[in-house]
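**Q** task: produce atomic coordinates for the following.
(one chain, ligands or ions: 2)
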Amino acid sequence: MPRVVVRLPGRTCPIDIGSGNSDSLGERLRRVSSSSRGLIVADARAWRCHGGRLQAGLGRAGRGLAVVTVLPGERSKSLGQLERLYGALLRHEVGRDGLVVAVGGGVVGDLAGLAAAGWHRGIDLVMVPTTLLAQVDSAVGGKTAVNFGGVKNVIGAFHQPRFVLSDVGLLSTLADRDYRAGLAEVVKYGMIADAAFFARLERGVDRLLARDPALLVPVVTRCSRIKAAIVGRDEREAGERITLNFGHTLGHALEAAARGRLRHGEAVALGMRGAARLAEGLGWMTRSDRNRLESLLDRLGLPAAVRLAQPGVVIAKLKYDKKVRNRQPRFVLTRGVGSASVAPPINASRIRAVLADLIEA
Ligand SMILES: NC(=O)c1ccc[n+]([C@@H]2O[C@H](COP(=O)([O-])OP(=O)(O)OC[C@H]3O[C@@H](n4cnc5c(N)ncnc54)[C@H](O)[C@@H]3O)[C@@H](O)[C@H]2O)c1
Ligand SMILES: [Zn+2]
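**A** Ligands and ions are numbered 1, 2, ... in the order given. Coordinates of the predicted model:
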């Protein structure tokens, strides 16, 4: 079974990837945690689909774990839900040797992760990501957060899990749109870091869309390994970790302007198309590489444009990007398939022109 390790000073976080490996969750848990007291925080839909199987996989290790389910959706990443989890930790008398097991996508991972980060100043966290996006991205790297005051991820902490267990078998029940949205982040890894992997994705489109575990296991492994290596060198995003934001500058602005009508991965697909067009305009990227990216996104069923009632809002949203310096948005661009770096400031009219092509009025 493939294992990827995030290596940080003084700690490591192993990520086990497989198909059907959630059957061994209890055994895995007993190896890292002395206590079996704690909470399972689960996405309600994921738990409905897989709770029985995960409980069976936990076996006796699950006895001291109370289950709290969280309603699906970004709105659950709130202080109100965080308080609810703290209430449950208190009621179940979870001490400083206790544990939180997060079962779900990025929403539950971020919320339950922050609950674990704060309880007794940090208790053990185990992640069982159940969406493709969470397996390749949000469960790796230790970022946790809730949204507040309309600002995404503004209250958060770094808290590395004791281990992550990614079972691609759990992805079989994902809605098509959620699954495809995760594929956008998979494409991102190929673009920023690995040309051979990108070519493998191009050859494997049909098997990817069919969710073939024999391809998903190496794909999730490769993405986890790329992210783990970057996080190992730059946990706090002082430098290199920013390249993981390829496609996210325009993507986040479009996602915010679409007010819930775009999945995060769909917005990232649009953002990557825009970034590639900016890179081509700067002479960083060839037309043929840009076409390779766009045609892979097309074949994976990811959008090329979004309908927005107020396109002007997108420019305003760009101001909130975390990479903004001196009020200028900064873009992570690519010099071709397999590389990424931060680009020099780009002319506002050029940004507007690229955005206009991504928006249907
Ligand atoms: N911490 C990080 O580093 C990081 C990185 C990227 C994204 N994120 C965060 O992740 C969140 C998005 O995560 P997401 O895309 O996983 O979305 P999500 O958690 O909202 O899950 C998407 C949908 O899938 C459903 N679902 C989950 N597992 C399922 C399963 N196995 N079968 C059927 N349905 C299932 C959920 O109910 C939900 O409706 C955002 O809040 C984003 O900010 C965090
Ligand atoms: Zn993302």
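**Q** next, the contact list for whichever residue of the stretch 201-350 of the chain sits closest to ligand 1, please.
**A** Here the residue of the stretch 201-350 of the chain nearest ligand 1 is His264; by CB to the nearest ligand atom that distance is 5.2 Å. All C-beta spots, glycine's among them, are computed from the backbone N, C-alpha and C. The contact partners of His264, by CB atoms under 8 Å, 6 or more residues apart in numbering, come to 106, 133, 181, 251, 255.
**Q** give me the pLDDT for the first one.
**A** Same thing as Gly106. At Gly106, the predicted lDDT confidence score is 97.
**Q** buried residues, stretch 85-95. List them.
**A** 85, 88-89, 92, 94 (16 or more other CB atoms under 10 Å).
**Q** tell me which of those is nearest to Leu355?
**A** Leu85 (38.1 Å; CB to CB).
**Q** quick one on the thing from earlier: out of the buried residues of stretch 85-95, who's nearest Met1?
**A** Closest approach between the buried residues of stretch 85-95 and Met1, by CB to CB: Val94, at 29.6 Å.
**Q** where does the nearest residue to the closest one once chain neighbours are set aside fall, phi/psi-wise?
**A** Once flanking residues are discounted, Val94 sits nearest to Gly38: 5.2 Å by CB to CB, 6 or more residues apart in numbering. Reported as degrees, to the nearest 10, the phi and psi values for Gly38 are phi 170, psi -160.
**Q** how about Arg222?
**A** Torsion angles, degrees, to the nearest 10, at Arg222: phi -60, psi -50.
**Q** quick one: which of the buried residues of stretch 85-95 sit in helices?
**A** Secondary structure assignment by DSSP state H places 85, 88-89 of the buried residues of stretch 85-95 in helices.
**Q** ok, so of the residues you listed, who is nearest ligand 1?
**A** Checking these one by one against ligand 1 (CB to the nearest ligand atom), the nearest turns out to be Leu85, at 15.4 Å.
**Q** quick one: what helix or strand has the closest residue in space to that closest one that isn't next to it in sequence in it?
**A** Leaving aside its chain neighbours, Leu85 sits nearest to Ala115 (4.1 Å; criterion: CB to CB, 6+ apart). According to DSSP states H and E, Ala115 maps onto helix 106-118.
**Q** any chance of JSON lines for the ones in helices among the buried residues of stretch 85-95, columns distance to Asn245 and pLDDT?
**A** Putting those into JSON lines (distance: CB to CB, whole Å; pLDDT from 0 to 100) gives the following:
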{"residue": "Leu85", "distance to Asn245": "28", "pLDDT": "98"}
{"residue": "Ala88", "distance to Asn245": "34", "pLDDT": "98"}
{"residue": "Leu89", "distance to Asn245": "33", "pLDDT": "98"}
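**Q** about what we covered before: turn the contacts of His264 into JSON lines, including distance to ligand 1, neighbour count and secondary structure.
**A** Shown next, in JSON lines, are the contacts of His264 (distance: CB to the nearest ligand atom, whole Å; neighbours: other CB atoms under 10 Å; DSSP: H, G, I helix; E, B strand; the rest coil):
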{"residue": "Gly106", "distance to ligand 1": "2", "neighbour count": "22", "secondary structure": "helix"}
{"residue": "Leu133", "distance to ligand 1": "4", "neighbour count": "25", "secondary structure": "helix"}
{"residue": "Ala181", "distance to ligand 1": "6", "neighbour count": "26", "secondary structure": "helix"}
{"residue": "Gly251", "distance to ligand 1": "11", "neighbour count": "28", "secondary structure": "helix"}
{"residue": "Glu255", "distance to ligand 1": "9", "neighbour count": "26", "secondary structure": "helix"}
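**Q** could you identify the most distant pair in those residues?
**A** Gly106 and Gly251 (14.4 Å).
**Q** please see if stretch 198-216 touches ligand 1.
**A** No - interface with ligand 1: stretch 198-216 contributes nothing (CB under 6 Å from any ligand atom), its closest point being 11.3 Å away.
**Q** list of residues touching that stretch?
**A** If you take CB under 8 Å, 6+ apart as the criterion, stretch 198-216 is touched by 19, 168-169, 171-172, 179, 183, 186-187, 190-191, 219, 292, 296, 299-301, 337-338.
**Q** what residues does the stretch 201-350 of the chain have near ligand 1?
**A** Residues of the stretch 201-350 of the chain lying close to ligand 1 (CB under 6 Å from any ligand atom) are His264.
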